[in-house]
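J.: Below: sequence and its predicted model.
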Amino acid sequence: MNTKTSFPKDFLWGGATAANQLEGGYDEGGKGLSVTDITTAGSLEKPRMLTYMLNGKAGETPAMPGAGLPKGAILPDEYYPNHVAIDFYHHYKEDIKLFAEMGFKTFRMSIAWTRIFPKGDEKEPNQAGLDFYRKVFEELKKYNIEPLVTISHYEDPLYLSEKYNDWQDRAMIDEYVKYAKVLFNEYKGLVKYWLTFNEINCSLLMLNLFGQKTNDDAVYQHAYQKLHYQFVASARAVKAAHEIDSNYVVGNMICGIVNYPLTPDPKDILANRYAWEQNIFYCGDVQALGEYPSYSKRLWNEHNVHLDITDQDLADLKAGKVDMYTFSYYMSNVITTHESKDKVGGNFAAGAKNPYLKYSEWGWATDPVGLEYYLEVMNDRYHLPQMVVENGLGAVDKLTEDNEVHDDYRIDYLKQHIQAMKAAINNGVDLIGYTTWGCIDLVSAGTGQMSKRYGFIYVDRDDEGNGSLKRYKKDSFYWYKKVIASNGEDLG
Ligand code: BG6
């Protein structure tokens with residue numbers, strides 16, 4: 001790796017979070033229920049479930065794509081980790097002060113749709129919800145921290161989700177655009193950077209985990225239709241953002257998993273390309289290039305998918321191309337058409353084990369070279385500024401008796417990825433920002449655990465909801481502060 005070049009002068013160093021994994025206060029300030037609010041805790045062995053009440057009977061169901069939602073309900077004997085999360089709702093001032101102490105230039109957060117529109121279909125927004133985010137943005141401004149705001153991060157309003165069967169109705173487009181426009185008007189002057197949907201490609205990545213098992217074309221139909229409506233919603237939001245404030249910069253957000261072929265067998269090479277197309281390029285191409293790529297037909301035909309697409313939709317996609325390409329990066333994945341006994345699964349990837357890489361306790365591969373590879377591929381494909389808006393290591397941390405956390409493994413992981421970004425910049429990539437995932441410990445999206453920690457700041461809370469919620473600085477806190485102060489030169 002060549003690491004000659006420096007990070008650009010105004011590089012946006014910071015951290016990333018999502019409302020449902022951070023805020024808590026799930027029923028405060030007039031907030032309505034989101035899908036995450038009826039999601040139970042899980043672990044590596046035990047999947048998270050959605051809970052419901054149907055004909056007076058309580059039940060739970062796995063969060064399977066296309067399965068449809070039953071009458072979601074909170075059950076009295078269940079534990080829901082997102083209800084309190086780390087209570088950022090009441091601790092935001094303290095937390096933002098800590099981010100400022102590290103020197104954050106940006107803070108990625110999301111807005112809970114149900115704080116603004118509790119059910120989703122109201123005509124007027126909820127004032128208490130608007131006020132909460134205004135206070136957060138003003139607090140960030142105090143420290144010159146630029147917010148980077150995800151409009152929708154895995155927390156659709158439960159009511160809308162049930163009514164429209166998880167984006168199976170184009171009425172969802174209008175609901176989303178109405179919500180986005182309220183944000184663009186309300187926070188003009190306080191926010192500059194917006195992301196439309198978190199990891200929009202997860203609907204397709206989920207098919208790798210569930211689709212092939214069920215091999216049910218209806219599951220594919222559901223996923224591609226949902227995506228089409230989301231693409232149109234995203235494009236219309238981008239257009240509206242530019243009309244409301246020409247300074248707004250709007251990005252997409254892709255779950256960036258790098259795929260490698262296991263063998264030189266031409267069948268593996270082809271399967272690997274197909275994996276890139278389905279899992280990664282499909283969404284990026286539509287959102288960044290403004291039209292469906294030619295291979296879409298093959299993807300749809302493979303599963304007999306027929307989409308509701310209008311001419312107006314296609315015009316909207318063209319008119320609402322994103323201004324920047326952003327993605328999360330944690331790991332790479334290995335594709336093969338051969339039987340492989342060594343299977344691994346992490347994030348949204350399930351593939352063969354890569355003998356050249358090390359895996360975390362949760363089975364996620366550490367692969368900084370993959371990050372350089374990804375950045376360079378996307379740079380040449382889209383010619384857009386990029387941001388790595390999630391990257392990090394989920395690990396079990398130990399708080400010592402002196403209230404310290406010696407997380408050298410996390411420092412090592414992040415250091416390698418920062419070096420990879422530097423190499424990509426050196427090779428011509430227009431990278432403008434980096435926000436590490438879970439800069440403060442928060443609830444894991446995949447497992448619902450608190451014990452899978454990513455933060456520079458330790459939060460005293462466990463997997464059962466015990467703990468003082470007190471915050472403690474980890475070793476990585478001081479390390480990241482040095483990284484930012486030296487604009488990525490001093491990696492310690
Ligand atoms: C990304 C999501 O997929 O990965 C985040 O955007 C999530 O919401 C992050 O938290 C890490 O995954 P996990 O399952 O370890 O929380």
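T.: Nice, thanks for sending it over. Residues are numbered from 1 along each chain as shown.

J.: Write out the residues of the stretch 1-150 of the chain neighbouring the ligand.
T.: Ala18, Gln21 (C-beta under 6 Å from any ligand atom). C-betas here are computed from N, CA, C, even on glycine.

J.: Identify the residues contacting the residue of the stretch 1-150 of the chain found nearest the ligand.
T.: Among all residues of the stretch 1-150 of the chain, Ala18 sits closest to the ligand, at 5.0 Å; criterion: C-beta to the nearest ligand atom. Counting by C-beta atoms under 8 Å, 6 or more residues apart in numbering, Ala18 makes contact with Met109, Ser110, Thr150, His153, Tyr154, Glu155, Asn198, Leu442, Ala445.

J.: now those residues in JSON lines, with pLDDT, secondary structure and neighbour count?
T.: Shown next, in JSON lines, are the contacts of Ala18 (pLDDT from 0 to 100; DSSP: H, G, I helix; E, B strand; the rest coil; neighbours: other C-beta atoms under 10 Å):
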{"residue": "Met109", "pLDDT": "99", "secondary structure": "strand", "neighbour count": "25"}
{"residue": "Ser110", "pLDDT": "98", "secondary structure": "strand", "neighbour count": "23"}
{"residue": "Thr150", "pLDDT": "99", "secondary structure": "strand", "neighbour count": "26"}
{"residue": "His153", "pLDDT": "98", "secondary structure": "coil", "neighbour count": "26"}
{"residue": "Tyr154", "pLDDT": "95", "secondary structure": "coil", "neighbour count": "19"}
{"residue": "Glu155", "pLDDT": "93", "secondary structure": "coil", "neighbour count": "26"}
{"residue": "Asn198", "pLDDT": "98", "secondary structure": "coil", "neighbour count": "25"}
{"residue": "Leu442", "pLDDT": "98", "secondary structure": "coil", "neighbour count": "28"}
{"residue": "Ala445", "pLDDT": "96", "secondary structure": "coil", "neighbour count": "22"}
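
J.: just the strands in the stretch 301-450 of the chain please.
T.: 324-328, 332-335, 343-346, 349-352, 358-359, 365-366, 386-390, 431-437 (DSSP state E, counting those that start in this stretch).

J.: Pick the most deeply packed of these.
T.: strand 386-390 (a mean of 27; mean count of other C-beta atoms under 10 Å).

J.: Report all helices and strands that it contacts.
T.: Under the contact definition 3 or more C-beta pairs under 8 Å, 6 or more residues apart in numbering; DSSP states H and E, strand 386-390 sits against strand 12-16, strand 249-255, strand 324-328, helix 368-382, strand 431-437.

J.: And for that strand, what's in contact with it?
T.: In contact with strand 386-390 (C-beta under 8 Å, 6+ apart) are residues 12, 16, 108, 148, 195, 251, 253, 324-330, 371, 375, 378-379, 417, 421, 429-437.

J.: Also stretch 359-375?
T.: Taking C-beta under 8 Å, 6+ apart as the rule, stretch 359-375 contacts 1, 44, 256, 258, 327, 329-333, 344-347, 353-354, 357-358, 386, 388, 391, 393-396, 413, 416-417, 419-421, 423-424, 427, 429, 431, 446-447, 452.

J.: PyMOL command to pick out the buried ones of these?
T.: Buried residues within the contacts of stretch 359-375, by 16 or more other C-beta atoms under 10 Å, are selected in PyMOL with:
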select buried, resi 256+258+327+329+330+331+332+333+344+346+347+353+354+357+386+388+391+393+394+395+413+416+417+419+420+421+423+424+429+431+446+447+452
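
J.: List the contacts of the residue nearest to Asn354 when sequence neighbours are not counted.
T.: In space, and not counting its chain neighbours, Asn354 is closest to Val334: 5.0 Å by C-beta to C-beta, 6 or more residues apart in numbering. Val334 makes contacts with Asn259, Tyr260, Pro261, Leu262, Gly351, Ala352, Lys353, Asn354, as judged by C-beta under 8 Å, 6+ apart.

J.: From the ligand, how far off is the fifth one?
T.: With distances taken as C-beta to the nearest ligand atom, to the nearest Å, Gly351 is found 16 Å from the ligand.

J.: do the same with the third one
T.: The gap separating Pro261 from the ligand is 24 Å, by C-beta to the nearest ligand atom.

J.: Nearest the middle, which residue of this structure would you pick?
T.: Nearest to the mean C-alpha position of the chain, by C-alpha atoms, centre = their mean, lies Asn198 at 4.2 Å.

J.: Phi, psi for that residue please.
T.: Phi and psi for Asn198, reported as degrees, to the nearest 10, are phi -70, psi 130.

J.: can you tell me which helix in the chain is longest?
T.: helix 217-244 (DSSP state H).

J.: which secondary structure elements does it contact?
T.: helix 171-186, strand 193-197, helix 202-206, strand 249-255, helix 282-289, helix 296-302, helix 311-319.

J.: tell me which parts of the stretch 351-492 of the chain are close to the ligand?
T.: So far as C-beta under 6 Å from any ligand atom goes, the stretch 351-492 of the chain lies against the ligand at Glu390, Gly394, Trp437, Ser444, Ala445, Gly446, Thr447, Lys452.

J.: Need the max-distance pair from these.
T.: Pairwise distances across those peak at 16.2 Å for Glu390 and Thr447 (criterion: C-beta to C-beta).

J.: Tell me the gap between stretch 129-143 and the middle of its chain.
T.: Distance of stretch 129-143 from the chain centroid (C-alpha atoms, centre = their mean, to the nearest Å) equals 21 Å.

J.: and it, which residues are buried?
T.: Under 16+ other C-beta under 10 Å, the buried positions of stretch 129-143 are Gly129, Leu130, Phe132, Tyr133, Val136, Phe137, Glu139, Leu140.

J.: quick one: whichever residue of the chain sits closest to the ligand from Leu384, how far?
T.: Among the residues of the chain, Gly446 lies closest to the ligand, at 2.6 Å counting by C-beta to the nearest ligand atom. With distances taken as C-beta to C-beta, to the nearest Å, Gly446 is found 28 Å from Leu384.

J.: sorry, back to before: just want the angle from the longest helix of the chain to helix 282-289.
T.: Orientation of helix 217-244 against helix 282-289 (axes from the mean of the first three to the mean of the last three C-alpha atoms, to 10 degrees) gives an angle of 20 degrees.

J.: Give the buried residues for helix 217-244.
T.: Under the neighbour-count rule (16+ other C-beta under 10 Å), helix 217-244 has 219-242 buried.

J.: cool, stretch 28-40 as well?
T.: Gly29, Lys31, Gly32, Leu33, Ser34, Val35, Thr36, Asp37, Ile38, Thr39, Thr40.

J.: How far away from the center of its chain is that stretch?
T.: 18 Å.

J.: Same question for stretch 402-418.
T.: How far stretch 402-418 lies from its chain's middle: 22 Å, per C-alpha atoms, centre = their mean.

J.: quick one: buried residues of that stretch?
T.: Val405, Asp407, Arg410, Ile411, Tyr413, Leu414, Lys415, Gln416, His417, Ile418.

J.: wait, the fourth one sits on Ser476?
T.: Right, the one you point to is Ile411. Yes - between Ile411 and Ser476 there is a contact at 5.2 Å, judged by C-beta atoms under 8 Å.

J.: Might you list the low-confidence residue ranges for the stretch 51-200 of the chain?
T.: Applying pLDDT under 70 to the stretch 51-200 of the chain flags residues 64-69.

J.: run the last query once more with 90
T.: 54-56, 61-71 (pLDDT under 90).

J.: quick one: the helices in it?
T.: Under the criterion DSSP state H, counting those that start in this stretch, helices of the stretch 51-200 of the chain are mapped to 88-102, 113-116, 127-142, 158-163, 171-186.

J.: For the second one, name the packing helices and strands.
T.: Using 3+ C-beta pairs under 8 Å, 6+ apart as the contact test, the elements touching helix 113-116 are helix 127-142, helix 171-186.
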